[in-house]
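>>> sequence first, then the predicted structure, then my questions.
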Amino acid sequence: MFNQAYTESMEDGQETARSQEREVLGSSIRLMREADASPDHHGKRVEAIYFTTRLWSHFLNDLVSADNVNSDEMKAGLISIGIFIMRHIEKMRQDKTQKFGPVVDVSKTIYDGLGNG
C-alpha cells in the first residue's frame, strides 16, 4: 500500500514538474518571439535574453544535481542543448543583429515534448 502511494506521489510530482517546465518554456518562447517581432524595442530583447538565460541556468543546475533522476543519456543531451542556447544568447548580447530563431526552435521542440502537462 505504501509503495503504491509513494509511486503515485512520485508520478504526480513529475507531472507537476513537467507542467511547470512547460509553462516557463512557453513564457520564454513568447518573450523571444515578441522581441524578434519588435526589433527596435530594446527592452523586449533584454527581457527575453535575461529570462531565457535564467531559465536555462536553472535547468543546467538541475541537470547536474545529484537529485536529478533523468538518465545520464537524457541529462547529457539536455546539457548539450542548454550549452547551445547559452552560447547563442551570448552571441546575441554581443551582436544585436542576431535573432532568437534557433533558440525558439529548440525550445519549442522541448516544449512540445513535455506534452500538455
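Received the coordinates, thanks.
>>> where does the chain have low pLDDT?
1-13, 116-117 (pLDDT under 70).
>>> hey, where'd the helices end up in it?
2-37, 42-63, 72-94, 101-113 (DSSP state H).
>>> what angle separates the third one from helix 101-113?
The reference is to helix 72-94. 150 degrees (axes from the mean of the first three to the mean of the last three C-alpha atoms, to 10 degrees).
>>> who does helix 72-94 touch, helix- and strand-wise?
Applying 3 or more C-beta pairs under 8 Å, 6 or more residues apart in numbering; DSSP states H and E, one finds that helix 72-94 contacts helix 42-63, helix 101-113. C-beta coordinates here come from the backbone N, C-alpha and C atoms, glycine included.
>>> please point out which parts of the longest one sit buried.
Put plainly, it is helix 42-63. 44, 45, 48, 49, 51, 52, 53, 55, 56, 59, 60, 63 (16 or more other C-beta atoms under 10 Å).
>>> grab the two from these that are most spread out in space.
Maximum pairwise distance in those, criterion C-beta to C-beta, is 28.2 Å, between 44 and 63.
>>> quick one on the thing from earlier: out of the helices and strands packed on helix 72-94, which is closest to residue 27?
helix 42-63 (6.9 Å).
>>> dump the residue contacts of the nearest residue to residue 29 once chain neighbours are set aside.
Nearest residue to residue 29, sequence neighbours excluded (C-beta to C-beta, 6 or more residues apart in numbering): residue 107, at 5.2 Å. Residues near residue 107 by C-beta atoms under 8 Å, 6 or more residues apart in numbering: 25, 28, 29, 32, 52, 85.
>>> how far away is residue 67 from residue 14?
With distances taken as C-beta to C-beta, to the nearest Å, residue 67 is found 13 Å from residue 14.
>>> that older thread, now the contacts of residue 107: which count as buried?
If we count by 16+ other C-beta under 10 Å, the contacts of residue 107 have these buried: 25, 28, 29, 32, 52, 85.
>>> between those residues, which is nearest residue 114?
Closest to residue 114, out of all of these and judged by C-beta to C-beta, is residue 25, at 7.2 Å.
>>> contacting residues for that closest one?
Each residue near residue 25 by C-beta under 8 Å, 6+ apart is listed here: 55, 107, 110, 111, 114.
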